[in-house]
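Asks: quick one, structure for this:
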Amino acid sequence: MINTEIFIEGLQADLSADVSALFTYSLADVKEFDSRDTAYSKTIVFPGTNQNHQLFGHAFEFTAYNEYDSGMPNIGSNFNAAKAARCLVLLDGVQIFKGILRLLEIKILNGAIEYEAFVTGELGGLITAIGNRKLTGNTDTAGYLSIADDLDFSSYNQDWNFTNITQSWADLAVAGYLGYGVYWPLIDYGNTTPDRVHYSYQAMRPALYVHEYLVKIFEKAGYTFECPFFETPFFLRQVIPHNEDKIYKMVRMLVKHQRFGAMPALLESATPGVGGTLTSAVVHGTSIELNNFTVNGGGASFTYNAGQPTIPISISVPIAFRSTGGQHGVRVTVSLLFNGVPIDDAVFQLDNPGPTFNQYNNVLLQASGVLLAPGDIIAVHAVAVYPGIPPLSAWEVFVTSSTIAIEAQYAVAAPASFGDPLSINNLIPKGILQKDLLISIVKMFNLYILEDPQRNRHLKILPYPDFFDNSDPLDWTNKVDRSRDISLKPMSEVNAKYFNFLYEKDNDYDNDTYYKRYAMGYGDRTYDSGLDFVKDKKDLKIIFAPTPIVGLFGNDKAVSRIMKADGNGVETRTESKIRILQAKRMPAAAWNLLDDDLATVLSSSVYYGYAGHVDDPGTPQGADLNFGAPAEIYWVPANPYTAPNLFNVCYSAYMAEITNKDSKLLTCYVRLSQVDIYALNFARAIRIDGQLWRLNRAIDYNAAQEDVTKVELLKVINLSY
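Replies: Next comes the predicted model:
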């Protein structure tokens, strides 16, 4: 009799005598060429024993409640059914499964309690642990990133200046590849160049390396990995650039506008009972901070022009007045106006006993908790009125100094200018799920993932051409149950006619133009299997959008371009889908870094930070990040367009094997022991009757009794690639 043991977070669970646990082990599904699978079980039923009640935190009780601590094992009084628990399954002391357990349901029938759960392998555990976390961009009410969920790149915060920009190019040039840190590529985001020779600083925006994204994703999920491919110069040069229409900084001070010194009279009149109004007490001032606001009339009013949701603000306005002349008092009313409605005011009396006497008065206007929305106007007005007695001499009232400060109650995004300090966390593509980025990288480079049977939460990752080992095959000839059904199906019966390798579609000018002209995406590839009896198509799609490179004939700079343009060629900056590019410092004829006006020279260089889909725009030789060569390119390389691309390097051998005329999918039943399951290695070839096969799936291995297991195997067509 087989002894089955299941350990949850290191503690053994009680099992029924008739426990049934069927496990499926899978690497990928050749019938769905973009899939990546993991081991999993069918439902496992745990009896309601005292031991299991303890393990599952008495979750069967209607009033069950506990405080969950993510730093503690997910078991006992800390059990959380919404979180994964580590699970280990042994048969006769031999490990046959390692992964995570998920509680599905608790059933109570006539007082008998059962816990229904299933387990999934380490790859499934990784995706579960990542959950719906995004790369970054979520902020709390204080304006800080929710680091518990998002990735943290705050150690790279830096000023937006040419020193940091050129240093990132130099660092890359010295090593040839980096994988960590900030890289500042030159990308044409629209209205950034008068001639494609000189460029505005707006074309220099921060990018982060893909390698570091992946490292942080695994670390955040509590997993480790080994992947020699991720350490290659080719991969370590890949970056994800900025993809918003503007560079934003995080600020709380929205307006700080000051004025010092005398100004024209607030009111000067010899007519009794007549008042005068100055448009603003801070007119003709100087803006020290002006974020998301437009100043009107040199300080007469301030209009909020951001497209952000409503935010709460506080306003503070200290003003100093000086009056001269006159023998009768003047009443002055100063008001803080929000959309023309007073929200705070101050009234004071100026009583001058003689024509040469100066009197000084200070007032402070304040408001907090004001909800600010785009289009709102804030102003300060003052009114001076005689008490109705004719003056005996001329008089004047001056504003000697004033300050208006408008501050958000938490940090908000505002357009940055060159030289401003930048928060790198807020410049990462928004709304991107970490698991989507990881899965897209796996799909792009046709990576295969193995779960380490010895190390918890450790994965081994290899590209398809490096994954399979035919040198020492296992012989399963005598393990096949010849009395059971054996199916040998040509892969032409499970494949499609067309296999599409697709980037995400985007609507920037160059991508839109290319798609309209060729009815396909820039960098996409369609593979025709040549099969006669199928008409279906299958798609492999990634979250990245393609990025065309643009250059002028005779110009030594070819750069990626992400912008929009109308029918008259008027360019506008735009948000775009997430991109992936290769980085390299490139030499160039001397060129100038310009201000945003495209006229003022800020600095100059004889290099530029390239980022594009080929390794080198001048002499492309290495792998292209496009799946296929574009039908048209928008720059002139010095040598022929590079042949290696994602399809040729990562998929051509795989597609040749699964669509070959002799390609077959073998389904049969084999007798697998606990030791066979423990040593199951999808990378190792299987020999049956002298033919080599690749193990694709082992389906419903019975952990409770000795029996045969259904397996799927793909015929090996080529022994080397």
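
Asks: only C-alpha atoms from now on, for both contacts and neighbour counts.
Replies: Fine.

Asks: quick one: strands adjacent to the top strand by length along the chain?
Replies: Secondary structure of the chain per DSSP state E: the longest strand is strand 395-415. Paired strands of strand 395-415, with direction, are strand 248-260 (antiparallel), strand 311-325 (antiparallel) (DSSP bridges).

Asks: list the buried residues in stretch 452-460.
Replies: 453, 457, 458, 459 (16 or more other Cα atoms under 10 Å).

Asks: check stretch 535-548 too.
Replies: Per 16+ other Cα under 10 Å, stretch 535-548 contains these buried residues: 538, 540, 541, 542, 543, 544, 545, 546, 547, 548.

Asks: dump that stretch to PDB, restricted to CA.
Replies: Taking Å, rounded to 0.1, in the frame of the first residue of the first chain, the C-alpha atoms of stretch 535-548 are listed here in PDB:
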ATOM      1  CA  LYS A 535      -7.600  27.100 -41.900                       C
ATOM      2  CA  ASP A 536      -7.300  28.300 -38.300                       C
ATOM      3  CA  LYS A 537      -4.800  30.800 -37.000                       C
ATOM      4  CA  LYS A 538      -3.100  31.100 -33.700                       C
ATOM      5  CA  ASP A 539      -1.800  34.300 -32.200                       C
ATOM      6  CA  LEU A 540       1.100  34.900 -29.900                       C
ATOM      7  CA  LYS A 541       0.700  38.500 -28.600                       C
ATOM      8  CA  ILE A 542       2.800  40.600 -26.200                       C
ATOM      9  CA  ILE A 543       2.000  43.700 -24.300                       C
ATOM     10  CA  PHE A 544       4.700  45.800 -25.900                       C
ATOM     11  CA  ALA A 545       4.000  48.000 -29.000                       C
ATOM     12  CA  PRO A 546       6.600  48.200 -31.800                       C
ATOM     13  CA  THR A 547       8.800  51.300 -32.200                       C
ATOM     14  CA  PRO A 548       9.900  52.400 -35.600                       C
END
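
Asks: looking at it now, give me its mean pLDDT.
Replies: The average pLDDT for stretch 535-548 rounds to 92.

Asks: outside of that stretch, which residues touch it?
Replies: Applying Cα atoms under 8 Å, 6 or more residues apart in numbering, the contact partners of stretch 535-548 are 32-34, 436-437, 440-441, 443-444, 496-506, 510-511, 521-523, 560-562, 577-581, 612-613, 626, 633-634.

Asks: how about stretch 370-380?
Replies: 279-282, 300-314, 334-340.

Asks: in strands, which of those residues fall?
Replies: Per DSSP E, these map to strands at 301-304, 311-314, 334-338.

Asks: in PyMOL, how would I select the buried members of those residues?
Replies: With 16+ other Cα under 10 Å as the criterion, this PyMOL line picks the buried residues out of the ones in strands among the contacts of stretch 370-380:
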select buried, resi 301+302+303+304+311+313+314+334+335+336+337+338
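
Asks: can you put the ones in strands among the contacts of stretch 370-380 in a markdown table and add pLDDT and distance to residue 652?
Replies: Output for those, formatted as a markdown table (pLDDT from 0 to 100; distance: Cα to Cα, whole Å):
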| residue | pLDDT | distance to residue 652 |
| --- | --- | --- |
| 301 | 88 | 64 |
| 302 | 93 | 61 |
| 303 | 95 | 58 |
| 304 | 95 | 55 |
| 311 | 89 | 53 |
| 312 | 93 | 57 |
| 313 | 93 | 58 |
| 314 | 96 | 62 |
| 334 | 88 | 77 |
| 335 | 90 | 74 |
| 336 | 93 | 70 |
| 337 | 93 | 69 |
| 338 | 96 | 65 |
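
Asks: tell me the one of the ones in strands among the contacts of stretch 370-380 nearest residue 692?
Replies: Among the ones in strands among the contacts of stretch 370-380, residue 311 lies closest to residue 692 (Cα to Cα), at 65.8 Å.

Asks: who are the neighbours in contact with the closest one?
Replies: 371, 372, 373, 408, 409.

Asks: and the residue nearest to the fourth one when sequence neighbours are not counted, how far from residue 347?
Replies: It refers to residue 408. Distances taken as Cα to Cα, 6 or more residues apart in numbering place residue 313 nearest to residue 408, at 4.3 Å, with adjacent residues excluded. Between residue 313 and residue 347 the computed distance is 24 Å (Cα to Cα, to the nearest Å).

Asks: ok, residue 402 next?
Replies: 16 Å.

Asks: quick one, which of the two is more surrounded?
Replies: residue 402 (22 against 13; other Cα atoms under 10 Å).

Asks: that one reaches residue 320, doesn't it?
Replies: Yes. Contact criterion Cα atoms under 8 Å: residue 402 and residue 320 qualify, at 6.3 Å.

Asks: in the stretch 501-650 of the chain, which spans are strands?
Replies: Assigned by DSSP state E, counting those that start in this stretch, the strands in the stretch 501-650 of the chain fall at 525-528, 537-541, 549-550, 559-561, 564-565, 571-572, 581-594, 601-612.

Asks: want to throw the ones you listed into JSON lines with distance to residue 54?
Replies: Output for the strands of the stretch 501-650 of the chain, formatted as JSON lines (distance: least, Cα to Cα, whole Å):
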{"stretch": "strand 525-528", "distance to residue 54": "55"}
{"stretch": "strand 537-541", "distance to residue 54": "45"}
{"stretch": "strand 549-550", "distance to residue 54": "61"}
{"stretch": "strand 559-561", "distance to residue 54": "59"}
{"stretch": "strand 564-565", "distance to residue 54": "61"}
{"stretch": "strand 571-572", "distance to residue 54": "62"}
{"stretch": "strand 581-594", "distance to residue 54": "52"}
{"stretch": "strand 601-612", "distance to residue 54": "56"}
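
Asks: quick one: closest of those to residue 705.
Replies: strand 537-541 (38.9 Å).
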